[in-house]
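Participant: Pasting the sequence and the predicted model now:
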Amino acid sequence: MSYTNEQVAHLVEGTLDWETTFRMLSMPKDNSRFAQYLAALQAKVGFPDRIVLPLGPHLYIVQSARDKKWLIQCDCGHAFCGYKDNWKLHAAIYVRDTEAAMTEVYPALMAPDTRWQVYREYYCPSCGTMHDVEAPTPWYPVIHDFEPDIDTFYKEWVNLPLPERLD
Ligand SMILES: [Zn+2]
């Protein structure tokens with residue numbers, strides 16, 4: 001199975017979901033794709049820090065150019081936290097927990113019953129980019145996203161040397 005130029009363009013633009021992205025990047029016998037993808041992402045961002053792994057369309061794990069610590073960082077260069085921490089706890093959070101707030105952005109009949117479900121939107125505090133939305137029950141704690149096994153991914157899936165990590 002191979003991918004079209006259009007799909008690779010979507011990949012770089014970040015308009016594919018992470019699961020598809022991961023599947024495309026991990027295709028066997030195509031170890032150069034991940035390196036090309038990282039290079040394309042790196043060319044798009046304005047910061048000097050090296051991208052280790054994209055976490056979303058505008059969110060990355062990077063190796064800090066200053067001290068080689070791995071950080072979770074926005075497109076704009078805002079660093080949320082260390083790469084193992086939950087960046088959502090360092091984001092600007094907007095909770096839609098009323099019908100009025102829901103219908104601002106979601107079609108009226110599609111909006112959930114706010115007694116059972118709310119929307120939590122996570123924004124970069126520096127540039128305002130929305131990085132994630134959760135639809136939990138109101139009392140559910142802030143969800144910590146999956147922690148990718150980066151060492152294994154570099155070594156066994158894409159066969160690239162792991163960027164140095166000082167932390
Ligand atoms: Zn930002």
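Facilitator: Structure received.

Participant: which stretches of this protein have low pLDDT?
Facilitator: For the chain, applying pLDDT under 70 flags the ranges 1-19, 21-31, 108-109, 111, 146, 167.

Participant: What are the boundaries of the helices in it?
Facilitator: Here the chain has its helices, by DSSP state H, at 5-13, 18-25, 32-44, 99-105, 150-152.

Participant: The shortest one: which residues count as buried?
Facilitator: It refers to helix 150-152. Neighbour counts using 16 or more other C-beta atoms under 10 Å place residue 150 of helix 150-152 among the buried residues. Every C-beta, even on glycine, is put in place using the N, C-alpha and C of the backbone.

Participant: Ok, the fourth one next?
Facilitator: Across helix 99-105, burial judged by 16+ other C-beta under 10 Å covers 101, 102.

Participant: and if you look at the third one?
Facilitator: Burial within helix 32-44, assessed by neighbour count using 16+ other C-beta under 10 Å, is assigned to 33, 34, 37, 38, 41.

Participant: Tell me the gap between it and the middle of its chain.
Facilitator: 15 Å (C-alpha atoms, centre = their mean, to the nearest Å).

Participant: Which strands and helices lie in contact with it?
Facilitator: With contacts defined as 3 or more C-beta pairs under 8 Å, 6 or more residues apart in numbering; DSSP states H and E, helix 32-44 has these neighbours: helix 5-13, helix 18-25, strand 50-56.

Participant: who's in contact with stretch 131-147?
Facilitator: Applying C-beta atoms under 8 Å, 6 or more residues apart in numbering, the contact partners of stretch 131-147 are 55-56, 58-59, 74, 84, 86-89, 91, 93, 97, 112, 114-124.

Participant: Oops, could you answer that again for stretch 39-54 instead?
Facilitator: Residues contacting stretch 39-54 (C-beta under 8 Å, 6+ apart): 12, 14, 21, 38, 60-65, 70-71, 73, 75-77, 83, 148, 150, 153, 163.

Participant: please redo it, this time with the cut-off set to 6 Å
Facilitator: 12, 38, 60, 61, 62, 63, 64, 65, 75, 77, 150, 163 (C-beta atoms under 6 Å, 6 or more residues apart in numbering).

Participant: Check those one by one and keep those near the ion.
Facilitator: Among the contacts of stretch 39-54, proximity to the ion is found for none (C-beta under 5 Å from the ion).

Participant: so which pair among these is furthest apart in space?
Facilitator: 12 and 64 (23.3 Å; C-beta to C-beta).
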